[in-house]
Every structure is written in C-alpha cells, then in structure tokens.
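Undergrad: A predicted structure for the sequence below; I have some questions about it.
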Amino acid sequence: MSGFVEKPEPLQIPGLVHLHTGKVRELYRNEAGDLVMVASDRISAYDWVLPTEIPDKGRILTRLSLWWFDQLADLVPNHVLSTELPAGAPADWQGRTLVCKSLKMVPVECVARGYLTGSGLAEYNQTRTVCGLALPEGLVDGSELPAPIFTPATKAEVGEHDENVSYEEVARQVGAETAAQLRQATLAVYSRGRDIARERGIILADTKFEFGFDGDTLVLADEVLTADSSRFWPADQWQPGRTQPSYDKQFVRDWLTSAESGWDRTGEQPPPALPQQVVDATRAKYVEAYERLTGTSWS
C-alpha cells in the first residue's frame, strides 16, 4: 500500500479551479488560464505522503526554486509569471504560491546524475549500467561518474514509483528531436547547478527536472534544484563506499525504518506521525541547504 495517509481536502477559492493534489503541491487554474501552484508543507517518504508536516517547507522550496530560476535564466526559460497571491487566497499561501504559464508538459522525469547512488546504484550493481548507459567497473555508493548522465524516468501517480527508462524509450515516446532537447537541457542545467553548489561546499549528486512546451519553446517547470528534487551532500563529508549524509528528508527515512517508529515498510499499515525531534531536524536541514546555496538567511 502507499499514497496519502490522510489526503487533504483542497481549499475552494473563488476564481480558481482546483486541478490536482500532488505529494507536495496543490494545482489550480485561474480565470486567465494560468496555473497556480501552491507548495504545502507536506513531506513524503517510501511512496507515502506522511500525516506530519514540516513547518515552512513549502516556502523554502518555493523561494529556493525562484533563486535557481534566476541562476538558470540564460540556459532555459522557466514557467513563472508572478508570485502575487490570487484574489481571495488565504494569507498562508503567501511565499508558497507561484502563478505559472500553462504548458504542454512532457511526460518524462528528466533525471541527471553526477554521482552513483539510489536506484542508479541498484541497477549498476546488477548490470554495470544505469538506464542502459554502460559505466566503468569498480564504482561504489557515492562514486563520482566520469561525466554527468541523463537517466530519464516515467512519471508516476502519487503512491507509485517512477520507473527508470532508456533514452531510446524516451525518444520512442516523445520523438527523437524532443528527447535530444530534454537531454541537452537537463545536462546543461545540472552542470550549472553542480558548479554553483560546489562553490558553496555542496555536492549535487543527482536531480530531476520537469519540462513543458510553450508553443515550440522548451520551458523548465515545477520546482528546480531543491532538497525535494535533488540529492545534496556536504562536500567535506563525502566518502565513496557508504551512504552520504544529505540535505533532505533522510532524518524522516531513518526514523521510519528504525525500531522506534514500529512501522513495517512491507506491511499494510500506513506510517505513523513523526516525532517533534525528527520534524525539527528535517526543517533545519531544509533551511541549512537554502542558506548555504543562496548565501542568504532564511529568516
């Protein structure tokens, strides 16, 4: 089983039509036909959206994405039109809401990897490949790859796993020209993000992007280079051959799989509420990642 432990009821706002409840975001359409994205404080792990929220998480993700969109503006256009609150929206939406172009979204998760870990490591250990790309012998968890690679995945519904696919499968689904555009843009954005993060003492191990088309123009959408969509590691603690400490929800994953939680990942029961110390530690990691990357204080 997986999905929402407690699926929220979306707010009904005059002038906005609710379109979708995602793991983190609520998606609306305004009367002009633009999308209104609202980042909640929800957090997910092991394909469950947990019943406990992380305070300020949605605002941190939104502000960090806006910062990154500015750093990437010369590489690829993005979908943001405005950060102004729609009329009638609750005050809590302030800082977590983006008004965005309505795009024709590409049904592919565009993943870039510069280091080997996660599902890429699992595939490598079996076949010495990731998404069909051959890699050298002798790599371990946390190894830096000879060059960044494009390892796309299919988009999954809430509660389901994204599934890694080959570049050839992407070309079959969306066409050779679009596949080539996605690969080029993904690796260019990853490389820019990796270099900026490295200057700040952070390793960008891997990340995923979403793209859509505005007419014939490829546009970067959703969030970008946040701790929800990326693996950030402190560079001074990087040590290949083990799990790396990270700026994300690792505290949540570790507690859920600990004896203290009492939760069986393979069972039928949803995960329990998070204890306050896990909430506080996770929020602190999101804040630290924001402050180290942007060089500005969160508060």
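TA: It's in.
Undergrad: CA only for contacts and neighbour counts going forward, please
TA: OK.
Undergrad: longest helix of the chain?
TA: Assignment by DSSP state H gives helix 176-199 as the longest helix of the chain.
Undergrad: give me the sheet partners of the helix or strand following that helix and which way each runs.
TA: Tracing the chain past helix 176-199, the next element assigned as helix or strand by DSSP states H and E is strand 202-214. Its sheet considered, strand 202-214 pairs with strand 104-105 (antiparallel), strand 108-115 (antiparallel), strand 217-221 (antiparallel), strand 230-234 (antiparallel) by DSSP bridges.
Undergrad: rewinding a little: tell me which other helices or strands the longest helix of the chain touches.
TA: Other elements packing on helix 176-199 under the criterion 3 or more Cα pairs under 8 Å, 6 or more residues apart in numbering; DSSP states H and E are strand 108-115, strand 144-150, helix 167-174, strand 202-214.
Undergrad: list the buried residues for that helix?
TA: By neighbour count on 16 or more other Cα atoms under 10 Å, the buried set for helix 176-199 is 178-179, 182-183, 185-191, 193-194, 196-198.
Undergrad: which one of the residues you listed is nearest to residue 284?
TA: residue 197 (18.3 Å; Cα to Cα).
Undergrad: next, work out how far apart the closest one and residue 168 are.
TA: When distance is defined by Cα to Cα, to the nearest Å, residue 197 is 31 Å away from residue 168.
Undergrad: centre-most residue in the chain?
TA: In the chain, the residue lying closest to the centroid (Cα atoms, centre = their mean) is residue 229, at 1.7 Å.
Undergrad: what backbone torsions are found at it?
TA: The phi and psi values for residue 229, taken as degrees, to the nearest 10, are phi -110, psi 0.
Undergrad: residue ranges for the helices of the chain, please.
TA: Under DSSP H, the chain gives helices at 57-71, 118-127, 167-174, 176-199, 250-256, 276-294.
Undergrad: in a markdown table: the ones you listed, plus distance to residue 147.
TA: Output for these, formatted as a markdown table (distance: least, Cα to Cα, whole Å):
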| stretch | distance to residue 147 |
| --- | --- |
| helix 57-71 | 22 |
| helix 118-127 | 14 |
| helix 167-174 | 16 |
| helix 176-199 | 10 |
| helix 250-256 | 26 |
| helix 276-294 | 23 |
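Undergrad: residue ranges with poor pLDDT in the stretch 51-200 of the chain?
TA: 156-161 (pLDDT under 70).
Undergrad: can we see that at 50?
TA: 159 (pLDDT under 50).
Undergrad: residue 4 is nearest to which of the helices and strands packed on helix 176-199?
TA: Per Cα to Cα, nearest to residue 4 of the helices and strands packed on helix 176-199: strand 108-115, 21.2 Å.
Undergrad: so what touches that closest one?
TA: 142-145, 147-155, 170, 182-183, 186-187, 190, 204-211 (Cα atoms under 8 Å, 6 or more residues apart in numbering).
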